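[1] Here is my input; please provide its structure:
(2 chains)
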Amino acid sequence: MSVEAFLSAKRGRPSEFIETAKRVVGEENVSESECDLIAYSLDYWLYAVSLSQHGKPPSLPCAVISPGDAAQIQAILRLANEHKVPITPFGGGSGVLGGAIPLEGSAVLNLQRMNRFISLDETSLVAEFEAGIIGANLERELNHRGYSMGNIPQSHFCSTLGGWIATRAVGQFSTKYGKIEDMVLGMEVVLPDGSLLDIKPVPRRSTGPSLKDLFLGSEGTLGIVTRAVVSVHPLPRSTDKQSYVFESIEVAVDVVRRVLRADARPPVVRIFDHAESERYFEEIGSKVTVIFICEGEPELVALEGAIIKRIAEDNGGQSAGEKPVDIWLEKRFDIGLGPVLMQHGGVVDTIEVISLFKDAAKLYHDMVASMQAVEGAVSVSGHYSHFYREGACLYITFVGFPKDLFPYYRDTWVAATEATLRNNGSISHHHGIGYWRMQFMEREHGASGLDLLRRIKSALDPNGILNKGKLVGDGR
Amino acid sequence: MEDSKELGLEQLTNCAMCADMCKHSCPTYLATGKETITPQKLARLILYEEKAVLEDRRGFFDVVFQSAMCGACKAHCIYGNHDLRDYILRARSKAFQEGMLPNEVRTRVETFAKFGNPRGERQLLDKGTGVVGYFISCSAYADEQLPKAMDRIVSASKEQVHHFGGADICCGAPLYYAGDVEGLRKAAEKMKAEIEKRGLERVIADCPNCLKIMTQVYPTVGVDLNVELIHTTQFLHGLLTEGRIKVSSTEATATYHDPCILVNDLGITTAPRDVLAALGFEITEPVYSRKETHCCGALPGVRIGDADVTRKVNQMRLNEVMQTGADVYVSACPTCKSVLSEADMKDITELVAERLVDE
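    Now for the predicted structure:
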């Protein structure tokens, strides 16, 4: 079955379920209108976005249900179990792997009415929000009060807190502030059977396996996060911006490794390869550029800045000043090229993977070469953007103008994934699995790992209600 | 309103294939949580309408009348300057031509056809002399306090200002938002005649929407008013900085609600704050202000054609503004004042008039 045919597969209208759902959330919060079904038929998986421009309504849900609180979600999930109607949770719809596409005519559970700021505890440095709040609005609420969560993904303006938790998301300032799993302290979750789980917000506890971690990355298959308590930081009083130019990826990666080994923690570190450097920084051209942003208390920032300068210059880095950092800050949310290229027959997508430092440069070269070798490839470029003491996330962007879109798209993903696995990498750093990447899950986890995840899914959701066909689905 | 022949599909498709990077700024989305009325989804639906894919066209037209037309998406566009409102207006124009306006909008248009304004029978207001005119918008006419405040300020400044409005003198904004292009053109020509009849060279508008329509929209239907047009906040700012009026100072706090059109289409954020500062107010900003401001939702059937969406947007903005707990809530648009009346909202003109002191 083709992807298009699979996406458009339908089931009959579950009339009794829909009519009862109206009584639960109010008639005005259940819709079967054509416009609403189209609006929730797709997330930001670029292959499907590309198809959507031609006027083919993608995978339509049977209905869109918009609850206003956790109690309504509980009631809807109980109802869904009773009527065996699959439910696709929908946060901001910004996921890039089809995780929010309502397969097989499932009902969409739109979580965006639940978008309030709840509270800020300045003593404990935590804040609570409803999970449907958009990242930019979350940050605005905090910034207004002198704080930041520090999680600024490229989807900052269109993704939700709940979506970040569901996909184990990561922001551009992650090297200092951490990833979403480091930021979430507690959460409220509606389980697939409709029961409510309240995970208390404490910095850590030793009370058995971490229940919180079960839902971080569960992609809406194990529960629906309705609100969360997150860690916040006072807005920084000082910022230091530096950039350096290197001749090779290998040297640049090693410099960043040394910086982290020295315990400097710049929130932003990015290594741009020759192609991306040329695209971003006209004055630098085809070299390898590394940018650093340090922020926080002035004394600490000065110290971290000095460590970075020493290590970069000792290893042959040529300072390019603050300008490349400012250019990146200006362009960092610019996703405009993709839609333009796709209108002219191209296909664009990104693949983010991770490896240990020992494999990082080799992985880059192998991935780029493997993806470039696929017929139809026009451009394959990359940058490293999220760092740990042990390794780094590699983020590859590819553009193709193939004769036939799908084989090129599929083969490029396969080439990238194979290169990642043979270089000891993991197939996703922060975009998650969704629908499209599910095909590689067994390669990533091994048969026993995938089986364990499926058994967890079956134990929590025996009727397979939540986000059917995603993450650990049937591996289509 | 752009000429529809010049509106290609490339820009619309860019919007339709964007990741919805402006949705965080969209007041109708934020107030309702409805994905369907985010800018990107609206763009996709309009694209599908252009490609004749949609079956439920009535449903589609209802959706395009759920936009607040506030321009927040344009102000936050990652492409730089895409204005989805041009495409929304084209869709609304189709709805108008095909007789598929939502009821609330149809009522406004019918009232306009009968009385020359969207509110019904009114008296003509026409007094004063000189080449400077003060156009009393429909909302200011209904409010009454605002024209009185302007009277006192003008009198104190010893300016010669010709007040005019009421009866069938209206900028035509309700027709513009209803997609009635020909109706708007006629309203523009009438406004031009009213201004010429009074020999005006400069016109002060108290409503940002009227000012936008007269300065930015009339030229698209072939009408140029050939006068200098300014907003009341600019007029007041000028009087204060030139020392032509004296005001007493307060120590109260004020929260200023930025009217969406004043910010997104007219780029005015500083003048009103300078006026408040001149009055001594300590300004307490809401979470969403200046470029991040949210539309008040306006009156039902004018910009938003769905009463439920209008009510939710009204309520959201009211909550945001009142969250500051300021002593005074103030705006610079009589429609915002009326919509946010639960906050006992004042127009900035009233605050100035209340604090006038004799020289």
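[2] burial of residue B:35, as a residue count?
    Residue B:35 has 23 neighbouring residues, counting by other C-beta atoms under 10 Å in any protein chain shown. Every residue, glycine included, has its C-beta placed from N, CA and C.
[3] Find the residue closest to it in space, skipping its chain neighbours.
    In space, and not counting its chain neighbours, residue B:35 is closest to residue A:39: 4.8 Å by C-beta to C-beta, 6 or more residues apart in numbering or on different chains.
[4] can you tell me which residues contact the one you found?
    Residues near residue A:39 by C-beta atoms under 8 Å, 6 or more residues apart in numbering or on different chains: A:64, B:35-36, B:38, B:41, B:44-45.
[5] Of the residues you listed - the most surrounded one?
    For the contacts of residue A:39, neighbours tallied by other C-beta under 10 Å; top is residue B:44, 29 neighbours.
[6] Just confirm yes or no for the helix or strand hosting it near chain A.
    Per DSSP states H and E: residue B:44 is located in helix B:39-50. Yes: residues of helix B:39-50 contacting chain A under C-beta under 8 Å from any C-beta of the partner chain: B:41, B:44-45, B:47-48.
[7] Contacts for that helix, please.
    If you take C-beta under 8 Å, 6+ apart as the criterion, helix B:39-50 is touched by A:35, A:38-39, A:52-53, A:55, A:57, B:9, B:12-13, B:15-16, B:18-20, B:22-23, B:26, B:35-36, B:54, B:57, B:60, B:63-64, B:67, B:73, B:84, B:87-88, B:90-91, B:94.
[8] can you give me the mean pLDDT across that helix?
    Average pLDDT, helix B:39-50: 96.
[9] and after it, which helix or strand comes next?
    Helix B:39-50 is succeeded, C-terminally, by helix B:57-64 (DSSP H and E).
[10] Look through the stretch 251-359 of chain B and state the residue closest to chain A.
    Using C-beta to the nearest C-beta, residue B:287 is the residue of the stretch 251-359 of chain B that sits closest to chain A, at 4.6 Å.
[11] so what pLDDT did the residue lying closest to that residue once chain neighbours are set aside get?
    Excluding the flanking residues, the one nearest residue B:287 by C-beta to C-beta, 6+ apart is residue A:144, at 4.6 Å. Listed pLDDT for residue A:144 reads 98.
[12] what's the neighbour count on the closest residue in space to residue B:207 that isn't next to it in sequence?
    Spatial nearest neighbour of residue B:207, excluding adjacent residues (C-beta to C-beta, 6+ apart): residue B:137 at 3.5 Å. If you count neighbours by other C-beta under 10 Å, residue B:137 ends up with 27.
[13] Contact partners for residue B:137?
    B:165, B:171, B:205-207, B:209-210, B:334-335 are the contacts of residue B:137 under C-beta under 8 Å, 6+ apart.
[14] which one of these is nearest residue A:87?
    The nearest member of the contacts of residue B:137 to residue A:87, counting by C-beta to C-beta, is residue B:335 at 41.0 Å.
[15] Could I get the full set of strands for the stretch 201-350 of chain B?
    Taking DSSP state E, counting those that start in this stretch to define them, one finds strands in the stretch 201-350 of chain B at B:202-205, B:228-231, B:246-247, B:253-257, B:282-283, B:328-331, B:346-347.
[16] for the third one, what is the average pLDDT?
    Mean per-residue pLDDT for strand B:246-247: 97.
[17] go on, the fourth one?
    Along strand B:253-257, the predicted local confidence has a mean pLDDT of 98.
[18] Assumed residue B:152 was part of a helix.
    Yes: the assignment for residue B:152 by DSSP: H, G, I helix; E, B strand; the rest coil puts it in a helix.
[19] Having no further points to raise, I will conclude here.
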